[in-house]
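Participant: Could you work out the structure for the sequence below:
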Amino acid sequence: MKMENKRAGGILYLVVPCYNEEEVLPHTAEVMRDKLRRMTIQNIISVKSKIIFVNDGSSDKTWKIISDLCRCDSIFSGLCFSRNYGHQSAILAGMMAAREHADMVVTIDADLQQDIEALDKFVKCYQEGCEIVYGVRNDRDTDGLFKKLSANMFYKFMHLLGCNVMSNHADYRLLSKRALDALAEYREVNLFLRGLIPTMGFQSDVVYFDVKKREAGQSKYTLRKMMTLATNGITSMSTRPIQIITVLGFLVSLFSFAMIIYCIVDWFSGRNVPGYTTSLVVSLLMGGLTIFSLGIVGEYIGKIYLETKARPRYIIESIIWKEAETNEQEEKEEVDTE
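Facilitator: Below you'll find the predicted structure:
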């Protein structure tokens with residue numbers, strides 16, 4: 001109970017990554033502002049709570065809309081990347097910007113498919129002592145058949161590889177300031193926050209929510225982006241594929257050794273060794289396995305290369321920030337790296 005009183009009325013920052021969201025953004029901003037104001041009136045959160053939009057190199061009018069929103073209301077702030085760095089980097093940039101100001105941060109997509117009314121449950125879990133709260137969707141009824149099957153296969157495969165990933169959890173989550181400070185210590189370039197955050201080991205809870213239909217526009221998660229995220233998640237959180245290659249190589253070596261013994265015995269016995277078809281099948285199989293194995297190893301080598309280069313995970317070109325407590329507008333045109 002003491003923890004509840006201490007954490008009541010904390011400062012909440014919403015972090016909203018945006019990529020070409022000009023169609024839905026005005027409606028999203030209004031819905032989010034209304035939700036925070038209602039929570040403020042009910043003394044659930046502080047009046048200093050804010051909404052941070054992170055423009056991930058959009059090619060449309062997303063940043064102009066964000067700029068206009070920030071000038072009209074101090075509850076909004078905006079970060080603009082110099083180019084498109086990806087959804088994970090946008091989330092991280094928003095959280096790191098909010099870390100010095102907020103008691104808790106909730107990341108949520110701009111399309112409002114994640115139920116914003118579930119925020120009360122997130123904050124309640126935080127007030128009860130949780131440092132991390134995961135938003136997990138109740139079902140996948142709004143997804144197409146392919147996305148539904150591929151998502152289920154992905155989570156099963158990740159669990160098979162030993163990755164501690166929450167099934168049906170995207171990036172709708174709450175992190176306390178303590179969790180954000182711990183996350184800031186991770187310097188990985190290849191970000192997979194869904195797998196990275198559970199490794200911190202803080203007290204956590206789960207909030208279930210219903211997924212809504214997208215208000216406007218189209219989903220920016222193409223098949224290519226989903227495949228890239230899945231590959232990044234597997235190679236960032238597990239070395240099991242390398243171990244599988246090692247075991248497979250050992251088994252193939254045993255099979256090859258047995259075939260050599262078989263051929264030698266056949267040669268000494270005077271029988272003809274089956275030739276063309278067997279050789280072709282074995283050659284194609286070995287060639288395919290070799291190329292596939294080299295591809296997996298290459299993915300890991302590429303990740304090591306990027307990590308050793310230690311390039312910035314993102315570059316912030318512009319910041320629009322208005323402090324709620326002073327109500328003074330600050331616009332910064334600067335280059336900031338993380």
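
Participant: how far away is the residue nearest to Gly57 when sequence neighbours are not counted from Thr231?
Facilitator: Closest residue to Gly57 apart from its sequence neighbours, by Cβ to Cβ, 6 or more residues apart in numbering: Asn84 at 3.3 Å. Just so you know, the C-beta spots here come from the backbone N, C-alpha and C atoms, and that holds for glycine as well. Using Cβ to Cβ, to the nearest Å, we find Asn84 at a distance of 18 Å from Thr231.

Participant: same check, this time on Gly78
Facilitator: 31 Å.

Participant: So between these two, which is more surrounded?
Facilitator: Neighbours were counted for Gly78 and for Thr231 using other Cβ atoms under 10 Å; Gly78 has more, 28 against 15.

Participant: what's across from that one in the sheet?
Facilitator: Gly78 has the following beta-bridge partners by DSSP bridges: Phe53, Ile320.

Participant: I'd say the residue nearest to Gly57 and Asp56 touch.
Facilitator: Yes: using Cβ atoms under 8 Å, Asn84 makes contact with Asp56 at a distance of 5.6 Å.

Participant: overlap in contacts of the two?
Facilitator: Overlap of the contact sets of Asn84 and Asp56 (by Cβ atoms under 8 Å, 6 or more residues apart in numbering) consists of Tyr19.

Participant: between the two, who's got more neighbours?
Facilitator: Asp56 (25 against 16).

Participant: Ramachandran coordinates for the more buried one?
Facilitator: phi -90, psi 60 (degrees, to the nearest 10).

Participant: shouldn't it be in contact with Phe81?
Facilitator: Yes: between Asp56 and Phe81 there is a contact under Cβ under 8 Å: 5.5 Å.

Participant: Find residues that contact each of the two.
Facilitator: With Cβ under 8 Å, 6+ apart, Asp56 and Phe81 have common neighbours Ser89, Ala90.

Participant: got the domain boundaries for this structure?
Facilitator: Under automatic domain parsing, the residue ranges defining each domain of the chain are 2-218+313-337, 240-309.

Participant: how long is the last one end to end?
Facilitator: Start to finish, the residues bounding domain 240-309 are 24 Å apart (Cα to Cα, to the nearest Å).
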